[in-house]
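In: Please work out how this folds:
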Amino acid sequence: MYKFNILLIMLLLGMQSMAQTSRLDSIHTLRDVAVVGVRPHYLTPSQTLQGAMLQNLSTTSVADALKYFSGVQIKDYGGLGGLKTVNVRSLGSQHVGVYLDGIRINNAQNGQIDLGRYSLSNMESVSLYNANRNERLQSASEYASAATVYMQTRRPTQTTYSLEYGCGSFGLNKVKGYFSLKNLMFVDAEYQHTKGNYGFRFRSEQEDTVGRRNNSDITFYRVEAAGFYRGLSTHIYYYNSERGLPGPVIRRLSDQWDSTDRQWDQNFFVQSSYKHAWEHFALKTNIKYAFDYLYYLQDPNTNASTMFCDNHYTQQDIYGSIAGAWNTRYLSLTASTDLRWTDLNADVYKFDYVYRIDSKSLLSAIASYRGFEANVALLYTHISDHTRSAASPLSRLAPMYLASWHGGPWTVRAFHKRIFRAPTLNDLYYTLVGNVQLRPEYTSQWDMGVDYKDKYLHLALDMYYNRIEDKIVAIPMKCQFRWSMVNFGLVKSLGLSATAGYDRQWGKFSLSTNANYTCQRDRDYSSPADPEYKNTIPYSPLHSASLILDLGYDGYSLCTSWLYTGDRFALISNNREDMLGDWYTVDLKLNKQFSFGKHNVQATIECNNLTDSRHEVVKRYPMPGRNWKFTLQWKI
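Out: Below is the predicted model of the structure:
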């Protein structure tokens, strides 16, 4: 029996070996597999913060992250809830297009997007492009700005949920929750309140004021969700806030003259995008609906220096676009068209309801051959307003030319883009201010740059020249309460920007750095007869720089960020008393992750403005000094 078992085992082993040999010798036929990818393009200068470095920065909003890019000025009107807008290469915030998942965030009322409303907690990356993004399949609107900011939400790679609590200086308390299903959807919610009552010291040639910032509180909650299925993505967003608007610091500060202005905001949008690519053809469609509500209260009973103002504003925005691209190895042709309907209603004295129809069409051709790449694009825009005494319809063609050569780690590129921005609805129709005869404000950009990029190191150097014609400005008329919008001015900008980045990992140790420097001269060439001719335009420093250093080791992360802004003037007169001195800030953020089975706990401590710099981004709006924040996050 024992010998029989041995023979049986040997027989079974032999049969298994023969079966394996048969399988190895047999021929298996697979069906055709199509691999679709996006080739890198090098046509325009760009900067990106993404992944761990973006999350490790001591920042809470998109505006805080953008200030570390070269050529960017963030206008911050003081207070933790103050308005934050972005200005790229001194072109003005209205010339910067802001996009979330490839669809523009619009504000037809004043053209400014408050980037402080958008959190970094669910962002995969934040990018800045001079001209426009390096993609072949784009909507017409994406070509319609002098510079573009892209916020890309993070697509969940696992099923998880997390809770987070944070507290800090100036009465800060926040609670956040996040839930996601792998590759399908996420829900992100946040509540935050801060008193914002920080101390300050304001100095000028004639005064020295010490006080405490009042009416700088903010309370908000934000809920957003996104769903993903193959080429379809949908994003829903809701934001609700109440904030105080701190006024400028004035001499002999007293409670009687402190700003008591209040503002309430509600912002909602839902947007969807679908994209599909075949072998030679690609298609993308976008659709969006947005509703914005703003309530502004200014009461002379609480502030004797103000006029009574109790106004409500509502905006709606409906947007749709379709873009198609035909691609071969050497040539890509893109055609796209957009249609946007926007309305504005307000209970302002003698304000008439207005709606705007904005249509854009684009033709673009990109040719590539042996490292050379060139793009020629033509954008047609037609804008018509519908209200009592409406401005004349606006129709314009705008060209763009880009070229680059890429070989090994080196890229040489250049572009010229001429684009315009239409006057906003406030510019045209706001009571006692608007001017329906306004012309569009044109910008012409020339840029030449070189990039070097290898496995660890990235270097970029750009020289650029910008020209802004028919600049739209507000000038006072008979009294300070009556202003008028006029086309007045020619601004010329000449600049140099440099960017360097280094990323490397050695075992458990990682290092990421990013440095930026900008030297830019902006002068007013409006009228040779004016005393301000060739003066430096307001809030334009000659020198600005930033540095980010992110160190990681075995669950620890230490991120240090340094930001510098040079001297600049607050007024076009360039008088010494209007000079704002240079300033720099240093921020620190330390993370530590702990694992307990399936549970992860992350503790974070942050110190912003470590050196306690007392400075102003906007004159007479002092910024907070040194402040602290502690956050605890539980994740499973």
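
In: For the residue most central in space within the chain, which three-state class applies?
Out: Central residue of the chain (C-alpha atoms, centre = their mean): Val149, 4.3 Å from the mean position. Three-state call for Val149 (DSSP: H, G, I helix; E, B strand; the rest coil): strand.

In: Let me see the confidence value for the closest residue to it other than its chain neighbours.
Out: Leaving out its chain neighbours, the residue that sits closest to Val149 by C-beta to C-beta, 6 or more residues apart in numbering is Val98, at 4.8 Å. All C-beta spots, glycine's among them, are computed from the backbone N, C-alpha and C. pLDDT for Val98: 90.

In: what does Asp550 give?
Out: pLDDT for Asp550: 93.

In: just to revisit the earlier point, from Val72, how far off is the residue nearest to the centre of the chain?
Out: 9 Å (C-beta to C-beta, to the nearest Å).

In: next one: Ser125
Out: Per C-beta to C-beta, Ser125 is found 16 Å from Val72.

In: Just want to know which of those two has more residues nearby.
Out: The neighbour count for Ser125 versus Val72, taken as other C-beta atoms under 10 Å, is higher for Val72 (23 against 16).

In: Tell me what the more buried one is bridged to.
Out: Here Val72 sits in beta bridges with Val88, going by DSSP bridges.

In: Would you agree it is in contact with Leu66?
Out: Yes. Counting by C-beta atoms under 8 Å, Val72 touches Leu66, with 5.5 Å between them.

In: which neighbours do these two share?
Out: Residues touching both Val72 and Leu66 (C-beta atoms under 8 Å, 6 or more residues apart in numbering) are Val86, Leu128.

In: Run through the helices of the protein in chain order.
Out: 2-25, 51-56, 62-66, 425-429 (DSSP state H).

In: just to revisit the earlier point, who's in contact with the residue nearest to Val149?
Out: Counting by C-beta under 8 Å, 6+ apart, Val98 makes contact with Val86, Arg104, Ile105, Ile113, Leu115, Thr148, Val149, Met151.

In: Got a ChimeraX select line for the buried ones in those residues?
Out: To isolate the buried ones among the contacts of Val98 in ChimeraX, judged by 16 or more other C-beta atoms under 10 Å, type:
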select :86,104,105,113,115,148,149,151
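
In: Turn the contacts of Val98 into JSON lines, including distance to Tyr533.
Out: Putting the contacts of Val98 into JSON lines (distance: C-beta to C-beta, whole Å) gives the following:
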{"residue": "Val86", "distance to Tyr533": "28"}
{"residue": "Arg104", "distance to Tyr533": "36"}
{"residue": "Ile105", "distance to Tyr533": "37"}
{"residue": "Ile113", "distance to Tyr533": "33"}
{"residue": "Leu115", "distance to Tyr533": "34"}
{"residue": "Thr148", "distance to Tyr533": "32"}
{"residue": "Val149", "distance to Tyr533": "33"}
{"residue": "Met151", "distance to Tyr533": "40"}
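
In: where are the low-confidence patches of the chain?
Out: 1-42, 58, 75-83, 251-257, 303-306, 431-433, 473-486, 488 (pLDDT under 70).

In: Check the gap between the nearest residue to Gly625 once chain neighbours are set aside and Arg104 for me.
Out: Distances taken as C-beta to C-beta, 6+ apart place Asp612 nearest to Gly625, at 4.7 Å, with adjacent residues excluded. Look at Asp612 and Arg104: by C-beta to C-beta, they are 39 Å apart.

In: With Leu43 instead?
Out: In this view, Leu43 and Arg104 are 20 Å apart by C-beta to C-beta.

In: same question, Gly320
Out: The gap separating Gly320 from Arg104 is 12 Å, by C-beta to C-beta.

In: same deal with Leu91?
Out: Leu91 is 17 Å from Arg104, by C-beta to C-beta.

In: One more: Tyr319?
Out: 8 Å.

In: again, but for Val491
Out: Val491 is 25 Å from Arg104, by C-beta to C-beta.

In: swap in Trp446?
Out: Taking C-beta to C-beta, one finds Trp446 at 25 Å from Arg104.

In: repeat for Thr381
Out: 14 Å.

In: tally of neighbours for Met623?
Out: So Met623, with other C-beta under 10 Å, has 22 neighbours.

In: actually Lys508, not the one I typed
Out: 10.

In: residues contacting it?
Out: Going by C-beta under 8 Å, 6+ apart, Lys508 touches Tyr553, Asp554.

In: related to what we said a few turns ago, so what's in contact with Val149 and Val72 at the same time?
Out: With contacts taken as C-beta under 8 Å, 6+ apart, the residues that reach both Val149 and Val72 are Leu66, Val86, Leu128.

In: The last one and Tyr539: what is the separation?
Out: Relative to Tyr539, Leu128 is positioned 19 Å away (C-beta to C-beta).

In: Same drill for those two, tell me which one is more crowded.
Out: Using other C-beta under 10 Å, the more surrounded residue of Leu128 and Tyr539 is Leu128, with 22 against 19.

In: what's across from that one in the sheet?
Out: On the basis of DSSP bridges, Leu128 is bridged to Gln47, Val149.

In: tell me the contacts of it?
Out: The contact partners of Leu128, by C-beta under 8 Å, 6+ apart, come to Ser46, Gln47, Thr48, Leu66, Phe69, Val72, Val88, Ala147, Thr148, Val149, Tyr150.

In: run the last query once more with 7 Å
Out: Listed by C-beta atoms under 7 Å, 6 or more residues apart in numbering, the contact partners of Leu128 are Ser46, Gln47, Leu66, Phe69, Val72, Val88, Ala147, Val149.

In: gap between it and Thr148?
Out: For Leu128 relative to Thr148 (C-beta to C-beta), the value is 7 Å.

In: Equivalent analysis for Arg243, please.
Out: Arg243 is 28 Å from Thr148, by C-beta to C-beta.

In: what does Cys519 give?
Out: The gap separating Cys519 from Thr148 is 23 Å, by C-beta to C-beta.

In: And Ser93, by the same measure?
Out: 13 Å.
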